[in-house]
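> Generate coordinates for the sequence data below:
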Amino acid sequence: MKKFIIIANSIFIYLILILFVLIFSHNKMTEWLWENIFFNNVYIPLFLILQFGIIMYIVNFVFIVRAWNGTWSARELTRINMLVKLIQIPAYIFIFLAGVACLITIFTMGISIALVFLDGFCIGMTGLLGIAAFRNMEREGRISKTRQVMYSIGSFIFCVDVVLAIIGYRRSKS
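Predicted coordinates for the structure are as follows:
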């Protein structure tokens with residue numbers, strides 16, 4: 001289940017990236033996809049991506065319950081949390097730059113807003129992994145209760161989550 005969590009959580013942000021690329025690329029393959037698979041409707045792939053995200057939220061909640069029951073050590077959970085966050089960095093950078101570029105005209109400003117919401121959805125999903133990791137670190141006595149709460153909250157803040165994932169992994173070693 002650990003590998004599935006790493007792969008599936010990492011895929012979500014890349015699906016958003018792929019949708020963005022599909023919207024703005026014009027070649028025979030993308031035109032065929034839009035016409036034959038998505039029926040020239042951007043809401044179809046967006047709906048599918050959001051459904052995948054909702055399923056991943058449910059899987060992450062199941063993962064948290066199993067983690068709180070002691071299925072995995074804090075070291076394993078902090079490693080999973082760190083890997084997911086690090087794998088997602090290139091997609092976040094590209095989506096951020098694309099969102100800034102879409103702010104240039106009033107016609108694409110809605111895309112920037114949609115990207116912010118989708119990024120928030122994704123960081124919420126991966127923040128759940130941080131909660132599980134830091135909870136187990138506290139249970140194993142590697143961090144205090146106060147740090148657990150601070151780190152868990154920080155897991156839902158852009159950029160801070162990556163730093164805390166690395167810090168958590170390093171602290172779980174000792």
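> Packing partners of the helix or strand encompassing residue 45?
Under the criterion of DSSP states H and E, residue 45 resides in helix 43-68. Under the contact criterion of 3 or more C-beta pairs under 8 Å, 6 or more residues apart in numbering; DSSP states H and E, helix 43-68 touches helix 2-24, helix 109-139. Just so you know, the C-beta spots here come from the backbone N, C-alpha and C atoms, and that holds for glycine as well.
> Which SSE is immediately downstream of that helix?
Sequence-wise, the next helix or strand beyond helix 43-68 is helix 74-102, with elements assigned using DSSP H and E.
> tell me which residues in that next one are buried?
Across helix 74-102, burial judged by 16 or more other C-beta atoms under 10 Å covers 74-75, 77-85, 87-88, 91-92, 94-95, 98-99, 102.
> Compute the inter-axis angle for that helix and helix 109-139.
Helix 74-102 and helix 109-139 meet at an angle of 170 degrees, taking axes from the mean of the first three to the mean of the last three C-alpha atoms, to 10 degrees as the criterion.
> Return the distance of helix 74-102 from the chain's centre.
For helix 74-102, the separation from the chain centroid amounts to 7 Å (computed by C-alpha atoms, centre = their mean, to the nearest Å).
> Report all helices and strands that it contacts.
Contacting helix 74-102 under the criterion 3+ C-beta pairs under 8 Å, 6+ apart are the following elements: helix 2-24, helix 109-139, helix 160-173.
> now the angle from it to helix 160-173?
Our comparison of helix 74-102 with helix 160-173, counting by the same axes, to 10 degrees, yields an angle of 160 degrees.
> re earlier: what average pLDDT does the helix holding residue 45 get?
For helix 43-68, the mean per-residue pLDDT is 92.
> what distance separates that helix from the centre of its chain?
10 Å.
> Going by neighbour count, which residues in it are buried?
Of the residues in helix 43-68, those scored as buried under the neighbour-count criterion (16+ other C-beta under 10 Å) are 45, 46, 49, 50, 53, 56, 59, 60, 63, 64, 67.
> Brilliant, that's me finished.
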